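>>> Sequence first, then the predicted structure:
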Amino acid sequence: MTGSPKLERRYRRVLACYPKAFRRESGEEILAVLLATAAEGQRRAGLAESVDLIRGAIKMHLGLSRSPRPVRNAVRLMCAGAVLTLAALVTVLVTLSRVRAGYVQDPDAGPWHTFVLTQIVPVLAGAPVGAGVWLWLAGANGRGYSWARPAFTAFAGLLTTGLLIGFGEGGGEDALPSTWPDETAAAVLWLVGLVAVVLIYSEAASPYYQRRAATRAATPANGTGR
Amino acid sequence: MQEATFLILTALADGSQHGYGIITEVQEISGGRVRLRAGTLYTALDRLRADGLIEVDRQEIVAGRLRRYYRLTPEGTRRLAAEAARLQANARAALTRLTPSGVET
């Protein structure tokens, strides 16, 4: 079966989610398989099929198909770090009214707008950036870039600093209301980062980074290093 | 070894196959139970190639479309044989223990 031009266009649109280098190498081949397995008269990509392709594309972007188990687990942890970071953002938004109610009743607390500017806005602005950094480093480590390990270690160092500062402030006068999950979230994120660092520097992970670096050196034109 | 991986390697055990051929072979081997989708198949093929268990045998253009054939490497053959032996031993142990209790096999 060759499939209709419309179906082919739609499959190509879904395949655009894959990394460029993978598309260059296997895009036409997958397209041929997709068209061969399409039902008679099929006009659009099925939902399950699209989900399967997108899942495959995510795995390729994160290097999950090729990396050894410790790196794969580290990448999954880094993705969890991104999700937790966004979860912290959602928690802040959901609990904001409760926090405000507790805050304005505290006679020792400063103006609410100052609290919003110094405590809430940084979280709202920083969380998407933080989640982006987690995902970016997950992809870079998954694909075995040699700079990705020290970069993630530096990021984990920043998390450690943030955690220590958070705990340092926790006992002071500026302590946040007890409903505030900031320190717990920071501690969990730090732990996730720490385990990921241990995994990417494990004995089984190092040869992968070295091999990928050697492959890239041998094929400099291959931008995504697949 | 995951079942999909085992079935893909089994599909290649008696000769090279292209992507669509692997899907139909896997469906036949599993009695229609496992129907690989293209995304799953090519993620698995990418991993198996990286692990050195399969390799590209040849490629050709059929009706203007690329068709790439894959085959087992010696390491892939060895790993498949080892996994098949392991599964066989497990299945034999299970059947041996089930038989005395009167469960029909």
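Right, received. Where do you want to start?
>>> Pull the contacting residues for the closest residue to chain A within chain B.
Of the residues in chain B, the one nearest chain A is B:Gly39, at a distance of 3.3 Å by Cβ to the nearest Cβ. Heads up, the C-betas are built off the backbone N, CA and C, glycines and all. Residues in contact with B:Gly39 (Cβ atoms under 8 Å, 6 or more residues apart in numbering or on different chains) are A:30, A:49, A:52-57.
>>> distance of A:Gly110 from chain B?
Note on A:Gly110: its distance to chain B, by Cβ to the nearest Cβ, to the nearest Å, is 53 Å.
>>> what are the phi and psi values for that residue?
Here the main-chain torsion angles of A:Gly110 (degrees, to the nearest 10) amount to phi -80, psi -170.
>>> again with B:Tyr70
phi -110, psi 150.
>>> Chain A contacts on chain B?
B:19-20, B:23, B:37-44, B:46-47, B:50, B:62-63, B:65-68 (Cβ under 8 Å from any Cβ of the partner chain).
>>> Run a quick neighbour tally on A:Arg12.
Other residues lying near A:Arg12 total 15 when counted by other Cβ atoms under 10 Å in any protein chain shown.
>>> Hmm, it is touching A:Leu34, no?
No - applying Cβ atoms under 8 Å as the test, A:Arg12 and A:Leu34 come out as separate, 9.6 Å apart.
>>> just checking, what's the longest helix in chain A?
Using DSSP state H to define each element, chain A has its longest helix at helix A:69-105.
>>> does that one come close to chain B?
No - if you take Cβ under 8 Å from any Cβ as the test, helix A:69-105 misses chain B, and the best it gets is 10.2 Å.
>>> the strands in chain A, which residues?
Secondary structure of chain A (DSSP state E): no strands located.
>>> Tell me which residue of it lies closest to chain B.
In chain A, the residue found nearest to chain B is A:Gly56; the distance is 3.3 Å by Cβ to the nearest Cβ.
>>> for that residue, what are its contacts?
Taking Cβ under 8 Å, 6+ apart as the contact definition, A:Gly56 lies against A:18, B:38-40, B:42-43.
>>> ok, now with 10 Å
In this structure, A:Gly56 makes contact with A:14-15, A:17-18, A:22, A:30, A:64-65, B:37-44, B:46, judged by Cβ atoms under 10 Å, 6 or more residues apart in numbering or on different chains.
>>> Skipping adjacent residues, who's closest to A:Arg84 in space?
No, residue A:84 isn't Arg; it's Leu. Distance criterion Cβ to Cβ, 6 or more residues apart in numbering or on different chains; nearest residue to A:Leu84, sequence neighbours excluded, is A:Leu189 at 5.6 Å.
>>> can you check A:Val75 too?
A:Gly142 (4.3 Å).
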